[in-house]
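Asks: After the sequence you'll find the predicted model.
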Amino acid sequence: MQSAFSDPILIFAVIALVGLAVLFGAVLGFASEKFKVEGDPIVEQIDSILPQTQCGQCGYPGCRPYAQAIASGEANINRCPPGGQATINHLADLLDVEALPLDAESGVEEEETKVAYIIEDLCIGCTKCIQACPVDAILGAAKQMHTVITSECTGCDLCVEPCPVDCIEMITVEEGLSNWHWTLPPSSSKQLEGFKITDVITTDRVKTKQDDAA
Amino acid sequence: MTDLLIIFIGAVLVNNFVLVQFLGLCPFMGVSTKVESAVGMSMATAFVLTLASICSYLVNTYILTPLGIEFLQTISFILVIAAVVSLSKMFIEKTSPVLYRVLGIYIPLITTNCAVLGVALQNTARSFSFFESAIYGFGAAMGFSLVLVLFSAMRERIAVADVPVPFKGAAVGMITAGLMSLAFMGFSGLV
């Protein structure tokens, strides 16, 4: 009796399909190495300029989504109140567009650094401010008194609104020896070498939007 | 030359893949709510369809037929299509970030577009040559693009029109597609 394995068609079929699969696998493996893309460099750059308060005042759910929106030309660069004019100028430099004044709809720039402060005698432990905090800077549990980790607080105001007993105040932090930091150096332009901004952003489009706004 | 033109016109209008052969209906209904996304999908499909048509011709002619294993056409064509789609995704991502942003999410969807497999199988069934396969694939892609963009333009208008409540949404879309299909029957006998 002839074994099924001696049938040449069967062997051809197996060899051909395995051969094709191996060939395509090799081509795809080679291509994935050759066509490797390291993230979206422009989004990283924009994200590193934004203040990382994750406050959502720009209308996006955090700094990174806002960075993506700027990179894709959906959003203007002037919607970040915590960053203020300094951030806008920095972004304008990076993206080679004109600097705009801060968009009043998003909010006003706070001149001084503020942090949230919970008046602990009044706190009823409702955890509403904990849920509102974008950077997890509020400690506490249900029916326990809450408190703010000052070094983590970005002063974004988001916890003030949900508090049912109005026990959260924004207090100004005086700059002193204990909380003074070096300002960050301007981001190196080295990463942008060989990368054309026009690849990602059509400057015209941004300018048109800005003209419309003006 | 005339033969190629006839194949092209035939694929675009007379035997339109969507409205006459009813292949690729999933993206036709799914990605046609906005013209912008329809154009993106059309471009991605045109690219993949042409390339897959050529590659599956090569696989069929130089691997399957000499070995006498044409019964493996379907499975090997699916293999070819999946590889071509992945390859074009990587290629577009690397070479044109802007195009990738437009097409991005539609590219993997093409793998499941049965028009691509349909073209590959019809190429062999009608024993087309290399150029005929390429033209047929390209024509099928153009026909797909044409009806997808036309249909999405209509749906954009229907979305704001005063449609009776029971027909709102997908129902009126289906009716529109049916009417378009009827209209395309008018092209039969053109070539």
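Replies: Thanks, I have it. Numbers count the residues shown, from 1 in each chain, chains lettered A, B, ... in the order given.

Asks: what about the residue most central in space within chain A, distance to chain B?
Replies: Most central in chain A under Cα atoms, centre = their mean is residue A:64, positioned 1.3 Å from the mean C-alpha point. As judged by Cβ to the nearest Cβ, to the nearest Å, residue A:64 and chain B stand 16 Å apart. Bear in mind the C-beta positions are built from the backbone N, C-alpha and C, glycine included.

Asks: Ok, residue A:53 next?
Replies: Note on residue A:53: its distance to chain B, by Cβ to the nearest Cβ, is 27 Å.

Asks: if we can go back for a sec, could you find the closest non-adjacent residue to the residue nearest to the centre of chain A?
Replies: Once flanking residues are discounted, residue A:64 sits nearest to residue A:47: 5.3 Å by Cβ to Cβ, 6 or more residues apart in numbering or on different chains.

Asks: right, and residue A:148 touches residue A:114 too?
Replies: No: with contacts counted by Cβ atoms under 8 Å, residue A:148 stays clear of residue A:114, the gap being 11.2 Å.

Asks: And the two? Which one has more around it.
Replies: Remark: of residue A:148 and residue A:114, residue A:148 carries more neighbours, 20 against 17, as counted by other Cβ atoms under 10 Å in any protein chain shown.

Asks: where along chain B do the helices fall?
Replies: Under the criterion DSSP state H, chain B contains helices at B:2-9, B:25-30, B:35-59, B:65-67, B:73-95, B:97-103, B:106-110, B:114-125, B:130-160, B:170-185.

Asks: could those be laid out in a markdown table, adding mean neighbour count?
Replies: Putting the helices of chain B into a markdown table (neighbours: other Cβ atoms under 10 Å in any protein chain shown) gives the following:
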| stretch | mean neighbour count |
| --- | --- |
| helix B:2-9 | 15 |
| helix B:25-30 | 18 |
| helix B:35-59 | 22 |
| helix B:65-67 | 13 |
| helix B:73-95 | 19 |
| helix B:97-103 | 18 |
| helix B:106-110 | 20 |
| helix B:114-125 | 22 |
| helix B:130-160 | 20 |
| helix B:170-185 | 14 |
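
Asks: hey, least reliable of those helices by pLDDT?
Replies: Across the helices of chain B, helix B:97-103 has the smallest mean pLDDT, namely a mean of 70.

Asks: tell me which parts of chain A are close to chain B?
Replies: Within chain A, the positions near chain B by Cβ under 8 Å from any Cβ of the partner chain are A:9, A:12-13, A:16-17, A:19-21, A:24, A:27-28, A:31-32, A:34-37, A:40, A:72, A:199-200.
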